[in-house]
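Participant: Would you be able to build a 3D model of this:
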Amino acid sequence: MHKKELKVETVAPFKEIIDVIKEEGGDPFKFCYQCGKCDSVCPWNRVRTFSMRKLVRQASLGLTEIESEDIWRCSTCGRCPQNCPRGVKQIESGVALRRIATQNEVFPAAVEPLRTVSVGLMGEGNPFNDERKNRGDWAQGLSVKPFTKEMEVLYFSCCYLSYAPRLKKVAAATANVLNKAGVKFGILGERENCCGESIRKTGNEELFTKLAKENIQNFIDNGVKKILVSSPHSYHTFKNEYPEFMVNFEVVYVTDYLNQLIKDGRLKLSKECPKKVTYHDPCYLGRHNGIYDQPREILKRIAGLELVEMADSRENSLCCGGGGGRIWVETPKEERFSDLRVGQAVSVGAEVLATSCPYCITNFEDSRLSLDEGVVLEIKDITEILEELM
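Facilitator: Residues are numbered from 1 along each chain as shown. Next up is the predicted model:
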């Protein structure tokens with residue numbers, strides 16, 4: 001995308017900034033009639049004062065200061081567009097503001113880590129800037145083979161499951177469960193890039209396009225038709241955003257796939273799990289893509305497991321705080337949504353907080369450390385629970 005000549009030290013003239021916002025996708029801001037429903041459902045207002053309504057109003061008048069940290073707060077959880085009576089499209093419109101800031105290389109101190117993340121994504125194809133050749137190391141010793149077009153499905157593990165020590169356990173559990181069910185699957189390893197979903201939400205459209213095109217070319221070159229994913233963010237972008245490049249792969253989420261394997265008798269659960277478990281709906285799996293029942297169906301099929309619901313479940317699930325690129329920036333402890341969510345799990349007496357998202361697991365594991373001494377709560381991906389039962 002071309003870079004705008006935009007002075008960022010001071011507020012640009014009204015017409016100029018409005019035109020830029022429209023050009024970058026923020027035109028729906030004009031539909032807002034300031035009802036305030038976005039503020040009433042925004043998780044930020046549980047931990048501090050934040051007004052999406054004010055941000056929308058400023059943008060519609062051309063008064064937005066792109067140096068402001070406020071345009072980076074939205075975790076793109078989907079609660080405000082879900083409740084907006086005017087179709088303001090707060091996520092797309094908010095990303096338009098970030099796009100302007102990114103093009104002008106304006107990053108407040110709180111989001112400076114995005115520069116480092118972008119370097120890693122540009123060079124090594126992952127936000128950790130770890131060597132590309134290590135992307136498939138999580139699969140060593142697990143009877144996981146390189147993908148060939150004769151296989152049933154490509155397993156795309158995502159960056160966190162490929163590089164983060166805690167999340168590698170989820171990738172390994174998934175591979176073990178698939179092997180147990182006799183699924184013929186493979187991985188592309190170092191031939192993969194980050195899916196690009198989160199960096200796109202930070203406004204870096206150019207980098208997203210680069211990552212997406214390289215992934216698409218690799219998928220085509222290797223004869224990929226069906227992709228199995230363990231990250232809601234990969235699921236969302238492969239299913240809903242990659243078709244912008246005139247391609248359509250069959251994209252399946254891991255909980256859907258495993259639930260069907262159980263129904264078909266390919267995956268048998270031979271042990272009991274006598275624990276009280278609660279399930280957290282990830283924003284990009286639930287609100288953004290409508291997957292609520294399949295994960296719960298898996299848990300309900302497990303003998304001895306008692307499934308309990310937290311407050312703010314399903315369509316009203318409380319965001320963990322990791323979407324919109326915020327997984328890469330530090331959030332002060334007193335402002336973490338994940339602390340509230342872990343507290344909700346404890347309040348219903350859960351022994352296990354189950355979910356199906358690497359960002360959620362990362363944030364919940366951090367929040368679990370702040371629990372009172374003597375309170376025991378395990379954070380587990382659904383695949384980890386299934387692995388223990390086989």
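
Participant: Can you pull up the most central residue in this structure?
Facilitator: residue 233 (3.8 Å; CA atoms, centre = their mean).

Participant: tell me the SS of that one?
Facilitator: helix (DSSP: H, G, I helix; E, B strand; the rest coil).

Participant: Leaving aside the residues adjacent along the chain, what's closest to it?
Facilitator: With CB to CB, 6 or more residues apart in numbering as the criterion, residue 233 has its nearest non-adjacent residue at 4.2 Å, and that residue is residue 197. Just so you know, the C-beta spots here come from the backbone N, C-alpha and C atoms, and that holds for glycine as well.

Participant: wait, isn't residue 380 in contact with residue 350?
Facilitator: No: applying CB atoms under 8 Å, one finds residue 380 not in contact with residue 350, separated by 10.9 Å.

Participant: picking up where we left off before, ok, now which ones touch the residue nearest to the centre of the chain?
Facilitator: 158, 195, 197, 198, 284, 323, 357, 359 (CB atoms under 8 Å, 6 or more residues apart in numbering).

Participant: ok, back up a step: any idea how many residues pack against the residue nearest to residue 233?
Facilitator: 27 (other CB atoms under 10 Å).

Participant: Am I right that it is in contact with residue 239?
Facilitator: No: look at residue 197 against residue 239 with CB under 8 Å: they stay out of range, at 10.5 Å.

Participant: chain center to stretch 285-295: distance?
Facilitator: Centre-to-centre, stretch 285-295 and its host chain are 13 Å apart (CA atoms, centre = their mean, to the nearest Å).

Participant: go on, stretch 121-129?
Facilitator: The answer for stretch 121-129 is 17 Å, by CA atoms, centre = their mean.

Participant: which other residues reach it?
Facilitator: Outside stretch 121-129, the residues touching it (CB under 8 Å, 6+ apart) are 116-117, 119-120, 130-132, 135, 159, 162-164, 192-194, 196, 198-199, 207, 210-211, 214, 328.

Participant: Now, of these, which are buried?
Facilitator: Neighbour-count burial (16 or more other CB atoms under 10 Å) applied to these gives 117, 120, 130, 135, 159, 162-164, 192-194, 196, 198-199, 207, 210-211, 214, 328.

Participant: Now do the helices in the stretch 101-250 of the chain.
Facilitator: 113-123, 158-163, 165-180, 197-201, 205-221, 232-236 (DSSP state H, counting those that start in this stretch).

Participant: so which of the ones you listed comes closest to residue 390?
Facilitator: Among the helices of the stretch 101-250 of the chain, helix 165-180 comes nearest to residue 390, with 5.2 Å by CB to CB.

Participant: Settle this for me: residue 303 is touching residue 273, isn't it.
Facilitator: Yes: counting by CB under 8 Å, residue 303 touches residue 273, with 7.2 Å between them.

Participant: Which one's more surrounded, the two?
Facilitator: Using other CB under 10 Å, the more surrounded residue of residue 303 and residue 273 is residue 273, with 18 against 11.

Participant: Check what pLDDT the more buried one gets.
Facilitator: On pLDDT, residue 273 comes in at 95.

Participant: helix/strand/coil for it?
Facilitator: Going by three-state DSSP: residue 273 is coil.

Participant: Please name the residues that touch it.
Facilitator: So residue 273 contacts 302, 303, 304, 305, 385, 388, 389 (CB under 8 Å, 6+ apart).

Participant: change it to 6 Å
Facilitator: 302, 304, 305 (CB atoms under 6 Å, 6 or more residues apart in numbering).

Participant: List only buried entries from these.
Facilitator: Using 16+ other CB under 10 Å, the buried members of these are 302, 305.

Participant: In TSV: the contacts of residue 273, plus distance to residue 366.
Facilitator: Shown next, in TSV, are the contacts of residue 273 (distance: CB to CB, whole Å):
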residue	distance to residue 366
302	27
304	29
305	26
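
Participant: Mind putting the contacts of residue 273 into JSON lines with pLDDT, secondary structure and distance to residue 338?
Facilitator: Below are the contacts of residue 273 laid out as JSON lines (pLDDT from 0 to 100; DSSP: H, G, I helix; E, B strand; the rest coil; distance: CB to CB, whole Å):
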{"residue": "302", "pLDDT": "96", "secondary structure": "coil", "distance to residue 338": "25"}
{"residue": "304", "pLDDT": "96", "secondary structure": "coil", "distance to residue 338": "28"}
{"residue": "305", "pLDDT": "97", "secondary structure": "coil", "distance to residue 338": "23"}
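
Participant: Quick check: of the contacts of residue 273, which lies closest to residue 342?
Facilitator: After measuring those against residue 342 - CB to CB - the closest member comes out as residue 305, at 19.7 Å.

Participant: ok, and the closest non-adjacent residue to that closest one?
Facilitator: residue 273 (4.5 Å).

Participant: And the one you found, how close does it get to residue 177?
Facilitator: 14 Å (CB to CB, to the nearest Å).

Participant: Over to residue 110?
Facilitator: Residue 110 is 39 Å from residue 177, by CB to CB.

Participant: And residue 346, by the same measure?
Facilitator: 28 Å.

Participant: Could you do residue 197 as well?
Facilitator: 24 Å.

Participant: need the strands for the protein, in chain order.
Facilitator: Ranges of strands in the chain, per DSSP state E, are 145-146, 153-156, 185-187, 226-229, 250-253, 276-279, 306-308, 352-355, 378-381.

Participant: Below-threshold pLDDT in this protein: ranges please.
Facilitator: 1-28, 62-64 (pLDDT under 70).
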